[in-house]
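J.: what shape does this take:
(chains A and B)
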Amino acid sequence: MALLYLALGTVFGFVLSRSGAADYNYIQAMFLFTSFQLYGIIGTAVAITAPGLWLIKRYGRTVAGRPIVVPLKPQHRGNIAGGILFGIGWSICGMCPGPIFVNIGEGKIYAIAALAGALAGAGLFGAIYTRIQSAFRLPRLVVGTGRT
Amino acid sequence: MPLILNGLAPIHWAIAGAGIALITLALLFIANRRLGISTGFEDVCSFVLPIGYFTRDAVRLARGWRLPFIAGLAFGGFLSAMLGGGWAPIWSLGIFDQVIGFGHAGKLAWMFVGGLFIGFGTRLADGCTSGHGIFGLSNFELPSLISTLSFLAAGIVTTQLIYRVVFHL
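T.: Below you'll find the model as predicted:
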């Protein structure tokens, strides 16, 4: 299975690389409203994924016959606060998380610094989770049940 | 507008969007996985930070797919360069070089600071452009709509401030 994930990731990375989604200029042009490219990409992706997802959920099983499980994300105050912080970072780096890895693969040296920052930021969040949990109404940590 | 990578012409947005949709659907239909990349930061952290948040089942049990998927993202970028004019380490950063133009050290510091926002923000929002923006919106999830509007708005405001107020294009 690891090879399947590697293959899907590779195709995804190639598409992000060649479409402008992993390109600093295109990200800024999206936020400056001077290019439609990224809005077109995200819009098309959602417009096709939504009916496909509906069909797969209606079918209810994977291609191998296992029941489809779609874990839902919780709603809390962090959606807005975290979204704003991430948007600032997206603009500064010209990369969202996927393209950080794509840019590293493309040979863009500065993307390594973006990854280091992202890992540090995620590490910091994990370290202070229990302290900011009630302020943002974050969910309780589920540890050690053996289930996702 | 050519890409920074080897000055390549980008593929059409409709084709790119369709490709992303097909990969998202394949992940779910073949492997029963919900597309999401920023949780991968936790997967990496979980190897070095054995604290509560990173020992969550959601992290521990997903490393087996998300880490090879992320490795694929980097490999896809590498292939894209190799097949499109050749791979070489590069520093070029498009309009940043023309308008802001810090040296190498400044660029690394800029990226590290941006990365901090990305890492902390995506964990607090519980997702990024893929998990909230593509999958969550396609699944009509309200937290994903709220998060996506928040990060798009913040990105627009930040870039407008950087390139129209502080520095001038």
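
J.: what about chain A, any weak spots by pLDDT?
T.: A:144-148 (pLDDT under 70).

J.: redo that, cut-off 50
T.: Along chain A, segments meeting pLDDT under 50 span A:146-148.

J.: tell me the contacts of the residue nearest the centre of it?
T.: Nearest residue to the geometric centre of chain A (Cα atoms, centre = their mean): residue A:97, 5.6 Å. When contacts are counted by Cβ atoms under 8 Å, 6 or more residues apart in numbering or on different chains, residue A:97 touches A:118, B:37-38, B:40-41, B:118, B:122, B:128-130. The C-beta positions use only the backbone N, C-alpha and C, and glycine is treated the same way.

J.: so of the residues you listed, which ones are in helices?
T.: Judged by DSSP state H, these include A:118, B:40-41, B:118, B:122 as members of helices.

J.: of those, closest to residue A:101?
T.: residue B:40 (8.1 Å; Cβ to Cβ).

J.: give the ChimeraX command for selecting the buried subset of the contacts of residue A:97.
T.: A single ChimeraX command selects the buried members of the contacts of residue A:97 (16 or more other Cβ atoms under 10 Å in any protein chain shown):
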select /A:118 /B:37,38,40,41,118,122,128,129,130
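
J.: and the helices in the chain, which stretches?
T.: Picking chain A for this. A:2-19, A:24-31, A:37-59, A:78-93, A:97-106, A:110-136.

J.: that's the other chain; I wanted chain B
T.: Going by DSSP H, chain B shows helices at B:13-31, B:39-48, B:57-60, B:63-83, B:95, B:104-125, B:137-138, B:142-160.

J.: of the ones you listed, flag the one that's most buried.
T.: helix B:104-125 (a mean of 24; mean count of other Cβ atoms under 10 Å in any protein chain shown).

J.: how far off centre is that one?
T.: Distance of helix B:104-125 from its chain centroid, counting by Cα atoms, centre = their mean, to the nearest Å, is 12 Å.

J.: and that helix, what does it pack against?
T.: helix A:78-93, helix A:97-106, helix A:110-136, helix B:39-48, helix B:142-160 (3 or more Cβ pairs under 8 Å, 6 or more residues apart in numbering or on different chains; DSSP states H and E).

J.: want to throw those into CSV with distance to residue A:51?
T.: Output for those, formatted as CSV (distance: least, Cβ to Cβ, whole Å):
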stretch, distance to residue A:51
helix A:78-93, 25
helix A:97-106, 23
helix A:110-136, 32
helix B:39-48, 25
helix B:142-160, 17
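
J.: among those helices, which is nearest residue B:22?
T.: Short answer: helix A:97-106, nearest of those by Cβ to Cβ, at 15.5 Å.

J.: CA atoms only for that closest one, dumped as CSV, please.
T.: Extracted in CSV, the C-alpha atoms of helix A:97-106 (Å, rounded to 0.1, in the frame of the first residue of the first chain):
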residue,chain,number,x,y,z
PRO,A,97,1.4,22.6,3.0
GLY,A,98,1.4,20.4,-0.1
PRO,A,99,3.4,22.8,-2.2
ILE,A,100,6.1,23.1,0.6
PHE,A,101,7.0,19.5,-0.2
VAL,A,102,6.6,20.0,-3.9
ASN,A,103,8.9,23.0,-3.9
ILE,A,104,11.5,21.1,-1.9
GLY,A,105,11.4,18.3,-4.6
GLU,A,106,11.7,21.0,-7.4
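
J.: thinking again about what came up before, of the helices and strands packed on helix B:104-125, which approaches residue A:48 most closely?
T.: helix B:142-160 (16.7 Å).

J.: got the angle for the closest one vs helix B:104-125?
T.: 160 degrees (axes from the mean of the first three to the mean of the last three Cα atoms, to 10 degrees).

J.: so what secondary structure elements neighbour helix B:142-160?
T.: Checking 3+ Cβ pairs under 8 Å, 6+ apart, helix B:142-160 ends up next to helix A:24-31, helix A:78-93, helix B:104-125, helix B:137-138.
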